[in-house]
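[1] mind folding the following:
(one chain, ligands or ions: 2)
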Amino acid sequence: MAKYVYLFKEGNANMRELLGGKGANLAEMTNLGMPVPQGFTVTTEACTRYYTDGKVIGQDIVDQIYEALAITEEVAGKKFGDEENPFLVSVRSGARASMPGMMDTILNLGLTDISVKGLARKTNNEHFAYDAYRRFIAMFSDVVMEIPKKEFEEVLDEFKEKKGVKFDRDLDAEDLKQVVIRFKEIYKKHQGEEFPQDPKVQLMEAVKAVFRSWDNPRAIYYRRMNDIPGDWGTAVNVQSMVFGNMGETSGTGVAFTRNPSTGEKKLYGEYLLNAQGEDVVAGIRTPQPISQLESQMPDVYKQFVDIASKLENHYRDMQDMEYTIEEGKLFMLQTRNGKRTAQAALKIAVDLVDEGMITENEAVMKVEPKQLDSLLHPNFDAAALKKAASIAQGLAASPGAGAGAIYFTAEAAAEHGKNKEKVILVRKETTPEDIEGMDFSQAILTAFGGMTSHAAVVARGMGRAAVVGCGDLKFNEDETAVTIGDKVYHEGDFLSVDGSTGKVYEGQIATVEASISGEFARFMGWADAVRKLNVRTNADTPRDTKQAVAFGAEGIGLCRTEHMFFEASRIAAVREMILSDTKEQREKALAKILPMQQGDFEAMYKALEGRPMTVRYLDPPLHEFVPHVDMKDEIAELAKNLGISEESVINKINALHESNPMMGHRGCRLAVTYPEIAAMQTRAVLQAAINVKKECGYDIIPEIMIPLVGSRKELAFVKKIVDETAKQVFAEQGITLEYHVGTMIEIPRAAITADEIAEEAEFFSFGTNDLTQMTFGFSRDDAGKFLGAYYDNKIFESDPFARLDQDGVGKLVKIAAELGRKTRPGLKLGICGEHGGDPSSVEFCHKVGLNYVSCSPFRVPIARLAAAQAAIKDMK
Ligand code: PEP
Ligand code: MG
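    Residues are numbered from 1 along each chain as shown. Ligands and ions are numbered 1, 2, ... in the order given. A predicted model of the protein is given here:
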């Protein structure tokens, strides 16, 4: 028969998948002979079975729980529901990965009208017993039955008012007995039945509540943020109660073996005498620092210090422990590898290596790649953030924090930003014109758009905080005000935007600047030594290139050439080119673009100092580039440059309107229609490379990448233009350079005919933004509007535009990699979609055997670390 319940003494630390982190560690501490109140763990498999059985607990599982309960009662020498010596337990959730806030702990389970008397007698303290009972009824009602807490609090307030006292603890035993009666009435009102008087029923209801909590919205959201699969399930830990609130020789507390904020090697923690766990959390009384325990209870302190150091040595990591002292006797309730800030994580990892506790590879595994974000971007001051209440929630598109006055146009944001004012650009969505305003903003907030929308991609590239697709934001018609909830905000009002969580706050929350500590370089050196994947960056400007190189980028994997024209002074020439009717007009516009583009390439080749650069040819979704018909100045200028009337310009704009611009006239389709565009770009790339080679001596091998290819012939067509132009340029310059022509794989047809495409392509780069869009048929810009419903209904666990869909889109990547290398062994493969900076997607790229990942500059360290972790996992 399958085993679903384990006594603590039957488990160990390696059984984390089955027992959850908490259960496995309670078992391990038991095996180490530490003082752990005994109990048992209902496994994660029991939880997954609960769901597959249609949210019921199978009888075999129920039987095993009762069996374990009987043994635990015997060990404790107490009995459930007993009038003399009642057995009480705590019930806690415990998943494989720690998920704070998934479900609250239930304490004192087992109290009934009868057993409360036993507890009073046994402890000789009626006040204590009834206090425990009323707490239990309220907790059980709230956590298990979801009865609003408020109703219980109101009753307590009523009693305190009647007595003229301020604190709960000032109510006497008789008051508490009355409170219990009232609490039970509330329960009955909501549940239509009496508060359960059979502790076994209480226990089973609590176990079910823990299982249910695995699927509550908080847990689902946390899993999505942290890449925790929904099918893991949670375990349930049932543990004998010990009491920290039995007088002044009792207490409870938490402690870390090292400081979780700084990493300093010093026991850090606090405790409260005569208290239960919830009192420490509630913050009504101020806990004392753990060092003080030494004078209050020297023996207990010594024992605790000894256990803490044993645990750290045993787990070879900083431990976060919960403990209770019951009448002078110490009990360990929990230990786990402690959560820590990024700074602390780096320091602890490096210190543990220096102390000879762990290897460098083990150190590399100890820092969450995504955590590095907080080292590279400003963040909100933790204390200030704690006090703030968020007013809106969008997609966490680009990490970091920004606070400032809001402006609704890029011009206003830029103007105020230039005056050193802190500004937040708030838009429905951003367009290329907004680039300057975005650059001068502390953060960008948009009402629409998804994780690969213009605002998200550009903000990430700049390292600017951004929250996009924030549906709570309602613009008025002329976009002069936004309403959030029932409050209206105008330009100049203050908001704070957290791009790491997607939350928006009112007012100006203090920020702290990013700081990279001394351990960073050493730590990243260990990561670099072990990784197999190269890490490149997506950069379109010399500034971003330099930033990325400073962060360790080994080249550019994607230079989006259309992004080089986002600046207002340049976009006009691109518009002119797009709106040209004749080849002559187009060539005139292209002649304006060529020197700008060549100059940029030269500056970027220099910034790269010999590192490679993949230049992606123009791929402007037209809706991002064509001006709106009401942009009068731009239209007048275009009319002048094209030598036609303004009306004709407007007619052309209307004629260029596409129903589906993302699937419209973009990518290589543009070069097929207008070969002179590809010719100009080839000239710019090669001339720049030749000039920089001559000037600086770098041995540049240009990599030219053709986007949005779906068939071999399409690529062959554009490649021919490249080759012919190259021949001309080399003849003119009297010099020949090696160069490579490759393609992006971002259309499903390209992936499944990759063997044919590889006949032409010398390298592939997976454009997984478009590949995701086209494989699902989800618009990149609009998916944010409906994905929420997909998470709620458990169709999706995560945003496929942020985390690669490995089963579908990933399968296409794998097929294309295999087919491509069949035709061309040694074909270089990379990824340049936004997934290139996402840790789980990076791991996938490692497994599939890509050569490199490419991501925005600020994600380069994350990708380096994720690639190293993937390589280390692979060794096991
Ligand atoms: C992609 O599609 O993944 C890609 C990198 O190109 P873009 O985002 O510019 O469409
Ligand atoms: Mg693309």
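[2] Ala412: what's it in contact with?
    Listed by CB atoms under 8 Å, 6 or more residues apart in numbering, the contact partners of Ala412 are Gly437, Glu491. From N, CA and C alone the C-beta is placed, and that goes for glycine too.
[3] ditto for Tyr315
    Shown here is Tyr315, whose contacts under the criterion CB under 8 Å, 6+ apart are Ala13, Thr335, Asn337.
[4] check contacts around the last one.
    The reference is to Asn337. Taking CB under 8 Å, 6+ apart as the test, what Asn337 contacts is Tyr315, Asp317, Met318, Gln319, Asp320.
[5] that one pairs with what?
    The partner list for Asn337 in beta bridges (DSSP bridges) reads Gln319.
[6] circling back: among the contacts of Asn337, who's most crowded?
    Using other CB atoms under 10 Å as the neighbour definition, the contacts of Asn337 reach their maximum at Met318, which records 28 neighbours.
[7] pretty sure Val579 sits against Lys652.
    Small correction: residue 579 is Leu, not Val. Yes. At 5.1 Å, Leu579 counts as touching Lys652 under the criterion of CB atoms under 8 Å.
[8] who touches both of those two?
    Counting by CB under 8 Å, 6+ apart, Leu579 and Lys652 have no contacts in common.
[9] which one of these two is surrounded by more residues?
    Comparing Leu579 with Lys652 by neighbour count (other CB under 10 Å), the higher total belongs to Leu579, at 25 against 17.
[10] and the pLDDT for that one?
    Here the pLDDT value assigned to Leu579 is 85.
[11] what distance do you get for it to ligand 1?
    Between Leu579 and ligand 1 the distance is 22 Å, computed by CB to the nearest ligand atom, to the nearest Å.
[12] wait, what's in contact with that residue?
    With CB under 8 Å, 6+ apart as the criterion, the residues that contact Leu579 are Val626, Leu638, Leu642, Val649, Lys652, Ile653, Leu656.
[13] now, these that are in helices?
    Secondary structure from DSSP state H places Leu638, Leu642, Val649, Lys652, Ile653, Leu656 of these in helices.
[14] closest to ligand 2 out of these?
    If you rank these by distance to ligand 2 using CB to the ion, Leu656 comes first, at 19.8 Å.
[15] which ones are touching that closest one?
    Ile578, Leu579, Leu622, Val626.
[16] check which helix or strand covers the residue most central in space within the chain.
    With the centre of the chain defined as its mean C-alpha position, the nearest residue by CA atoms, centre = their mean is Met225, 4.0 Å away. Taking DSSP states H and E as the definition, one finds Met225 inside helix 217-226.
[17] state which one residue of the stretch 451-600 of the chain is found closest to ligand 1.
    Ranking the residues of the stretch 451-600 of the chain by distance to ligand 1 (CB to the nearest ligand atom) places Arg560 first, at 5.2 Å.
[18] what sits closest to that residue if chain neighbours are left out?
    Counting by CB to CB, 6 or more residues apart in numbering, Arg560 lies nearest to Asp540, which is 5.2 Å off, once chain neighbours are set aside.
[19] tell me the SS of the one you found?
    For Asp540, the secondary-structure state derived from DSSP: H, G, I helix; E, B strand; the rest coil is coil.
[20] helix or strand with the lowest mean pLDDT in this protein?
    Taking all helices and strands of the chain together, the one with the lowest average confidence (mean pLDDT, DSSP states H and E) is helix 277-282, at a mean of 64.
[21] how far away from the center of its chain is the helix or strand that that helix is followed by?
    On the C-terminal side of helix 277-282, the closest following helix or strand by DSSP H and E is strand 288-289. With CA atoms, centre = their mean, to the nearest Å as the basis, strand 288-289 stands 33 Å off its chain's centre.
[22] what's strand 288-289 packed up against?
    In terms of contact count using 3 or more CB pairs under 8 Å, 6 or more residues apart in numbering; DSSP states H and E, strand 288-289 is assigned the packing partners strand 268-273.
[23] same thing but 10 Å
    If contacts are counted by 3 or more CB pairs under 10 Å, 6 or more residues apart in numbering; DSSP states H and E, strand 288-289 sits against strand 251-256, strand 268-273.
[24] work out the gap between the last one and the centre of the chain.
    Its chain's C-alpha centre lies 31 Å from the corresponding centre of strand 268-273 when counted by CA atoms, centre = their mean.
[25] give the rounded mean pLDDT of the top helix by length along the chain.
    Scanning the chain for the longest helix, with DSSP H as the assignment, gives helix 583-608. Averaged across helix 583-608, pLDDT comes to 93.
[26] could you list every helix and strand that the next helix-or-strand element following it packs against?
    Sequence order places strand 613-616 as the next helix or strand after helix 583-608, per DSSP H and E. Based on contacts counted as 3+ CB pairs under 10 Å, 6+ apart, the elements that strand 613-616 packs against are strand 534-538, strand 556-560, helix 583-608, helix 675-696, strand 703-706, strand 740-745, strand 763-766.
[27] quick one: distance of the fifth one to the chain centre.
    Read that as strand 703-706. 32 Å.
[28] SS state for the closest residue to ligand 2 within the stretch 501-650 of the chain?
    Per CB to the ion, Asp619 is where the stretch 501-650 of the chain lies closest to ligand 2, at 6.2 Å. Here Asp619 is recorded as coil under three-state DSSP.
[29] wait, it sits on Pro661?
    No. With contact defined as CB atoms under 10 Å, Asp619 does not count as touching Pro661 (11.7 Å).
[30] between the two, tell me which one has more neighbours.
    Taking other CB under 10 Å, Asp619 and Pro661 do not tie; Asp619 has more neighbours (23 against 19).
[31] how much space separates that one from ligand 1?
    With distances taken as CB to the nearest ligand atom, Asp619 is found 6 Å from ligand 1.
[32] same question, Ala688
    Separation of Ala688 from ligand 1 (CB to the nearest ligand atom) stands at 21 Å.
[33] residue contacts, that residue?
    Going by CB atoms under 10 Å, 6 or more residues apart in numbering, Ala688 touches 597-606, 613, 615, 700, 702.
[34] and the pLDDT for it?
    We note a pLDDT of 98 for Ala688 in this prediction.
[35] apart from its chain neighbours, what residue comes closest to it?
    Spatial nearest neighbour of Ala688, chain neighbours left out: Phe601 (3.5 Å); criterion: CB to CB, 6+ apart.
[36] what does Leu804 give?
    Once its chain neighbours are removed from consideration, Leu804 has its nearest residue in Ser841; the separation is 3.9 Å (CB to CB, 6+ apart).
[37] tell me which element the one you found is part of?
    Here Ser841 is assigned to helix 839-848, by DSSP H and E.
[38] brilliant, that's me finished.
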